[in-house]
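In: kindly generate the corresponding structure for this input.
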Amino acid sequence: MKKLILAALLATCTAAHADTALTVSAWSYHLNRGAVERLDLNERNVGAGIEHDVSETVAVVAGAYRNSFHRTSVYAGANWLPITLGPVRLGAQGGVITGYANHPVRPYAAALMAVDMGRYGVNVLIVPPAVKVGGVVTAQIKFRF
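Out: Presented below is the predicted three-dimensional model:
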């Protein structure tokens, strides 16, 4: 799995142009506030990734970050953003992810709002509730190159 993700990162890096962005994981907010204290959930999810637009509505994504359980997660997937309202695009992100108990690799999906302002932008993801944790809102800052 790590080789597949590394290959995806290298492929997007070699094709780098204005449609490619470095993403920096900024924070998360767990909607079940009781779980944050009870499970000692991490809300400073430091990490980095790459996002490469392959069309007006689709981008491939890959990266790694420190997850809510203080473990490293590696992900690869795609953004689908069919709705555009000025600089705001709405849709979903889905793919595969590592670093969560009892699942060496598992699928994931999240609602996605991307705000693009030239070379900079922000991704806000809303992850549906998981067992014991509840839903999560998370943000990434984007730097296009």
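
In: would you state the helices of this structure in chain order?
Out: Under the criterion DSSP state H, the chain contains helices at 2-14, 33-38.

In: of the ones you listed, which shows the lowest average pLDDT?
Out: For the helices of the chain, mean pLDDT drops lowest on helix 2-14, to a mean of 50.

In: what about G99, how many residues nearby?
Out: Neighbour count for G99, taken as other Cβ atoms under 10 Å: 20. (C-beta placed from N, C-alpha, C; glycine too.)

In: how much space between the residue lying closest to it once chain neighbours are set aside and G94?
Out: Distances taken as Cβ to Cβ, 6 or more residues apart in numbering put S73 closest to G99, at 3.4 Å, once the chain neighbours are dropped. Per Cβ to Cβ, to the nearest Å, S73 is found 15 Å from G94.

In: ok, V74 touching N67?
Out: No - V74 lies out of contact with N67 (Cβ atoms under 8 Å); the separation is 10.0 Å.

In: in the chain, which strand has the most residues?
Out: For the chain, the strand with the greatest residue count under DSSP state E is strand 72-85.

In: list the buried residues of that strand.
Out: The neighbour-count check on strand 72-85 (16 or more other Cβ atoms under 10 Å) flags 73-77, 79-81 as buried.

In: beta partners of G94?
Out: A78, A109 (DSSP bridges).

In: all good on my end, thank you.
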